[in-house]
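[1] Pasting the sequence and the predicted coordinates here, then a few questions.
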Amino acid sequence: MPVLDIPREQWPPFLESFSRRHRGWLASVEQSNLIGTTLAADLEPLAQVTAERDGADVSAITISFATISGAPEVRLDKPSSVRVDQTSEDADSTLEIVDEDGVRTRIAFRATATPETLDGLAPAEI
């Protein structure tokens, strides 16, 4: 599976495009550090992944969900890298964000497919 490292200057447009392509997809968010792994969201419909700017630099990345269950936003301060894992068919399978402290946040989809192979809107889009 190819892993694409997204250059820092491309984070805002990449995350905006990623959000449009995967809006409403069921996603789980895990955060790992030296102590262990925490499940921040489990199969919640993705709303968007947003880069927050401080001048020209990205100071934080926020993951939000389109859900009525009350899944909280996940905020990642001081991100240092953004990577996307893809299948051999170029479908995004996970998005990984690492912060300055080494906390690794992974957004994984319940199913992977290229957006153009899907046949309509996700339920969260209706």
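    Nice, I can see it. Numbering: from 1, shown residues only.

[2] CA only for contacts and neighbour counts going forward, please
    OK.

[3] Next up, the contacts around the closest residue to Pro72 other than its chain neighbours.
    Spatial nearest neighbour of Pro72, excluding adjacent residues (Cα to Cα, 6 or more residues apart in numbering): Ser64 at 7.2 Å. Going by Cα atoms under 8 Å, 6 or more residues apart in numbering, Ser64 touches 46-49, 72-74.

[4] try 6 Å this time
    With contact taken as Cα atoms under 6 Å, 6 or more residues apart in numbering, Ser64 is in contact with 47-48, 73.

[5] And the contacts of stretch 4-23?
    Against stretch 4-23 from outside (Cα under 6 Å, 6+ apart): 46-49, 51, 82-84.

[6] Relative to Ile97, which of those residues is nearest.
    Set against Ile97, the nearest of the contacts of stretch 4-23 by Cα to Cα is Val82 (4.6 Å).

[7] The lengthiest strand in the chain pairs with which strands, parallel or anti?
    Counting by DSSP state E, the longest strand found in the chain is strand 37-54. Note on strand 37-54: by DSSP bridges, its sheet partners are strand 26-32 (antiparallel), strand 57-65 (antiparallel).

[8] all strands for the chain, in order.
    For the chain, strands defined by DSSP E occupy the ranges 3-6, 26-32, 37-54, 57-65, 74-77, 79-86, 92-99, 104-109.

[9] Now distance to Leu15 too, for these, in a markdown table please.
    Below are the strands of the chain laid out as a markdown table (distance: least, Cα to Cα, whole Å):
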| stretch | distance to Leu15 |
| --- | --- |
| strand 3-6 | 10 |
| strand 26-32 | 15 |
| strand 37-54 | 6 |
| strand 57-65 | 9 |
| strand 74-77 | 14 |
| strand 79-86 | 9 |
| strand 92-99 | 10 |
| strand 104-109 | 12 |
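
[10] Comparing those strands, which comes out most buried?
    Among these, strand 104-109 has the highest mean neighbour count (mean count of other Cα atoms under 10 Å), at a mean of 22.

[11] counting contacts, what elements does that strand pack onto?
    When contacts are defined as 3 or more Cα pairs under 6 Å, 6 or more residues apart in numbering; DSSP states H and E, strand 104-109 sits against strand 26-32, strand 92-99.
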